[in-house]
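Asks: next comes the sequence, and after it the predicted model I'd like to discuss.
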Amino acid sequence: MICTPDTAITLDSDQSRRFRQWWIPVACLSLLVTLLSLAGCELTTGKSVTRPDVPPNTKAGAPVPRPHVIPTRSPTAAEMASTDRVSPTNVPTPPADLWERLRRRFRFQGLEHLHIETELNRLRRNPVALRALFNQAMPYLYYIANEVETRDMPGEIALLPMVESGFRPRAYSPNGAAGLWQFMPGTARMLGLRRDRWYDGRRDVLAATLAALQYLAFLHRQLDDDWLHALAAYNCGIGTVRQAIRRAARARRSIAYWELDLPDETDAYVPRLLAIARIVADPDAFGIALPSLADRPQFATIETDAPLDLAVAARLAEVPLAEFLRLNPAYPRGVTPPDRPATLLIPIERQAAFKKALATLPKRQWRHWAEHHVKRGDSLIHIARRYRVSMSAIRQANGLRGHLIRTGRILRIPLSGQAGDRQQGIAVRHGPRIRYRVRKGDSLYTIAHKFQVSVRNLKRWNKVGRYIRPGQRLVVYPGSAG
């Protein structure tokens with residue numbers, strides 16, 4: 001007889017009673033085991049499982065895998081390090097120094113060309129000059145490398161001032177280019193670099209670097225994102241490079257930098273940069289020991305709100321005047337502008353001491369000298385009384401022989417009453433000196449204007465009168481006050 005649930009319930013025989021006596025406890029025990037299994041799976045997985053006894057897609061008769069057990073403690077640091085979640089090989093090691101940081105950004109190390117080899121041979125023949133070149137770069141290279149990296153430019157560009165100026169911020173070329181990046185006056189105006197009698201932005205390490213990188217980025221965009229073309233254009237002008245590209249295209253030649261018909265100077269310009277970068281990339285291969293250069297800032301910036309003599313600033317910072325002027329070459333008159341705030345660069349280790357010393361020095365002692373613009377009715381005696389100095393000090397500071405002064409002239413007034421303070425404060429005569437060959441049509445006035453010097457100084461430096469002749473060589477201290 002087949003018993004349905006209904007018939008099982010209605011059974012009332014002795015057999016049915018005995019059946020209920022042993023079946024009911026067994027059924028209850030089975031139900032309890034099932035409920036406990038369900039609860040255990042829920043605790044283990046945190047999710048509702050429909051069949052805790054057999055995982056999905058498990059074949060009949062296959063062994064059932066043991067459920068995953070949540071650990072009752074946190075893993076140790078050693079256990080964490082041993083897991084696959086941390087991959088030390090994917091974390092780049094920090095650069096050992098600034099040279100190594102630059103190497104990681106080099107992009108042209110695979111280039112090979114006869115012109116590069118020519119420049120490498122030239123550099124190898126002058127190891128002393130090459131080491132001096134690297135030493136000259138040390139105060140500025142960290143700042144420039146940072147700005148290059150910020151703009152995702154090739155690391156080689158940070159070395160470009162070695163080719164342009166030898167990393168001499170007061171460098172001045174006979175054709176009028178000045179500063180680390182050798183800006184011509186017209187290019188400086190186009191890029192917004194300010195130039196006046198108190199300040200020359202082309203020589204400002206910070207401002208000129210930002211302008212140069214902005215200009216290189218512009219050239220790169222204009223020349224189809226070709227960095228070699230952009231570097232060539234920085235040297236000879238974008239018009240010259242475009243014209244060379246057009247000529248090559250018309251002749252169905254390659255327009256690669258190496259195939260362009262460019263000026264001789266530009267033909268050597270880019271290879272010289274790549275040669276220097278190759279030496280930096282592997283100095284041992286060329287027998288060159290690079291100077292130690294930590295990957296950290298070399299100078300700090302200090303804002304001033306009143307005219308400050310650079311000699312006074314160097315004394316407060318306890319830095320040799322020559323070193324201080326190397327960091328602050330943008331002030332040709334040896335003092336920060338009197339009509340606006342200015343920025344000075346201070347060696348990083350002297351920053352705190354300089355701030356403290358400057359804060360305790362009265363502003364009337366911030367400079368050794370002043371300038372007076374001679375107006376109609378002025379006399380030497382009245383000017384001396386106004387500034388409370390002697391007439392002889394004014395005459396000595398300005399190279400005057402008598403009492404006569406002309407309207408419109410600018411006189412230097414030594415505030416301490418000592419004319420010698422002028423040379424100590426300005427310290428410009430000790431800057432870069434060039435020898436200029438007089439050309440047809442030149443005059444003392446045009447040469448003085450070209451190099452931002454006075455005719456009086458030009459005469460004094462060369463012991464000449466009113467007249468000069470073509471072919472004559474003159475000594476010039478570009479940008480010197482006077």
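Replies: Looks like it arrived, so ask away.

Asks: helix or strand for F324, which one?
Replies: Assessed by DSSP states H and E, F324 sits inside helix 321-327.

Asks: what comes up buried for that helix?
Replies: For helix 321-327, a neighbour-count test (16 or more other C-beta atoms under 10 Å) marks L321, F324, L325, R326, L327 as buried. For glycine as for every other residue, the C-beta is placed from the backbone atoms N, C-alpha and C.

Asks: can you show me the strands along this protein?
Replies: For the chain, applying DSSP state E gives strands covering 299-304, 342-347, 369-373, 410-414, 434-437, 473-476.

Asks: pull the residues that contact stretch 157-172.
Replies: 102, 133, 136-137, 140-141, 144-145, 148, 178-182, 203, 205, 208, 212-213, 216, 231, 234, 269, 272-273, 276-277, 280, 325-326, 329, 431-432, 434, 451, 478-479 (C-beta atoms under 8 Å, 6 or more residues apart in numbering).

Asks: sorry, slip of the keys, the one I care about is stretch 105-119.
Replies: Surrounding stretch 105-119, the residues in contact under the criterion C-beta under 8 Å, 6+ apart are 148-149, 153-156, 227-228, 258, 267-268, 271-272, 274-275, 277-278, 280-281.

Asks: for ChimeraX, write a command that selects the buried ones of those residues.
Replies: To isolate the buried ones among the contacts of stretch 105-119 in ChimeraX, judged by 16+ other C-beta under 10 Å, type:
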select :148,153,154,155,156,227,228,267,268,271,272,274,275,277,278,280,281
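
Asks: which ones among the contacts of stretch 105-119 map onto helices?
Replies: Among those, the members found in helices (DSSP state H) are 148-149, 227-228, 267-268, 271-272, 274-275, 277-278, 280-281.

Asks: between those residues, which is nearest T304?
Replies: Top of the list for closeness to T304, among the ones in helices among the contacts of stretch 105-119 and by C-beta to C-beta, is V148 at 28.3 Å.

Asks: can I get the ones in helices among the contacts of stretch 105-119 in a markdown table with distance to L316 and pLDDT?
Replies: Compiled in a markdown table, the ones in helices among the contacts of stretch 105-119 are given as follows (distance: C-beta to C-beta, whole Å; pLDDT from 0 to 100):
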| residue | distance to L316 | pLDDT |
| --- | --- | --- |
| V148 | 32 | 98 |
| E149 | 33 | 97 |
| W227 | 43 | 98 |
| L228 | 46 | 98 |
| D267 | 48 | 94 |
| A268 | 44 | 95 |
| P271 | 45 | 97 |
| R272 | 40 | 97 |
| L274 | 43 | 97 |
| A275 | 42 | 97 |
| A277 | 39 | 97 |
| R278 | 42 | 97 |
| V280 | 36 | 97 |
| A281 | 41 | 96 |
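
Asks: possible to save those as JSON lines with distance to R409?
Replies: As requested, the ones in helices among the contacts of stretch 105-119 are exported to JSON lines (distance: C-beta to C-beta, whole Å):
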{"residue": "V148", "distance to R409": "45"}
{"residue": "E149", "distance to R409": "49"}
{"residue": "W227", "distance to R409": "50"}
{"residue": "L228", "distance to R409": "51"}
{"residue": "D267", "distance to R409": "48"}
{"residue": "A268", "distance to R409": "45"}
{"residue": "P271", "distance to R409": "50"}
{"residue": "R272", "distance to R409": "45"}
{"residue": "L274", "distance to R409": "51"}
{"residue": "A275", "distance to R409": "50"}
{"residue": "A277", "distance to R409": "50"}
{"residue": "R278", "distance to R409": "54"}
{"residue": "V280", "distance to R409": "50"}
{"residue": "A281", "distance to R409": "55"}
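
Asks: and of these, the nearest to V438?
Replies: Among the ones in helices among the contacts of stretch 105-119, A268 lies closest to V438 (C-beta to C-beta), at 27.7 Å.

Asks: and G287, how far is that from P127?
Replies: Distance, G287 to P127, by C-beta to C-beta, to the nearest Å: 7 Å.

Asks: neighbour count: those two, which is higher?
Replies: A count of neighbours by other C-beta atoms under 10 Å puts P127 above the other of G287 and P127, at 13 against 9.

Asks: that one and I279 touch, don't they?
Replies: No. In this structure, P127 is not within contact of I279 by C-beta atoms under 8 Å, at 10.2 Å.

Asks: now list whatever residues contact both of the two.
Replies: What both P127 and I279 touch, as defined by C-beta under 8 Å, 6+ apart, is the set I288.

Asks: could you chop the chain up by domain?
Replies: With domains defined by automatic domain parsing, the chain comprises 5-45, 98-286, 298-365, 369-415, 434-476.

Asks: Serialize those to a markdown table and add fields for distance to P92.
Replies: Below are the domains of the chain laid out as a markdown table (distance: least, C-beta to C-beta, whole Å):
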| stretch | distance to P92 |
| --- | --- |
| domain 5-45 | 40 |
| domain 98-286 | 8 |
| domain 298-365 | 24 |
| domain 369-415 | 53 |
| domain 434-476 | 46 |
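
Asks: of these, which shows the lowest average pLDDT?
Replies: Least confident of the domains of the chain, judged by mean pLDDT, is domain 5-45 with a mean of 45.

Asks: how about the nearest residue to A294, chain neighbours excluded?
Replies: Leaving aside its sequence neighbours, A294 sits nearest to D97 (C-beta to C-beta, 6 or more residues apart in numbering; 5.9 Å).

Asks: now do that neighbour against L290, distance only.
Replies: 9 Å.

Asks: next one: S390
Replies: Taking C-beta to C-beta, one finds S390 at 54 Å from L290.

Asks: next one: T360
Replies: Distance of T360 to L290, computed by C-beta to C-beta: 40 Å.

Asks: could you list the buried residues of stretch 285-301?
Replies: By neighbour count on 16+ other C-beta under 10 Å, the buried set for stretch 285-301 is F286, I288, L290, L293, D295, Q298, F299, A300.
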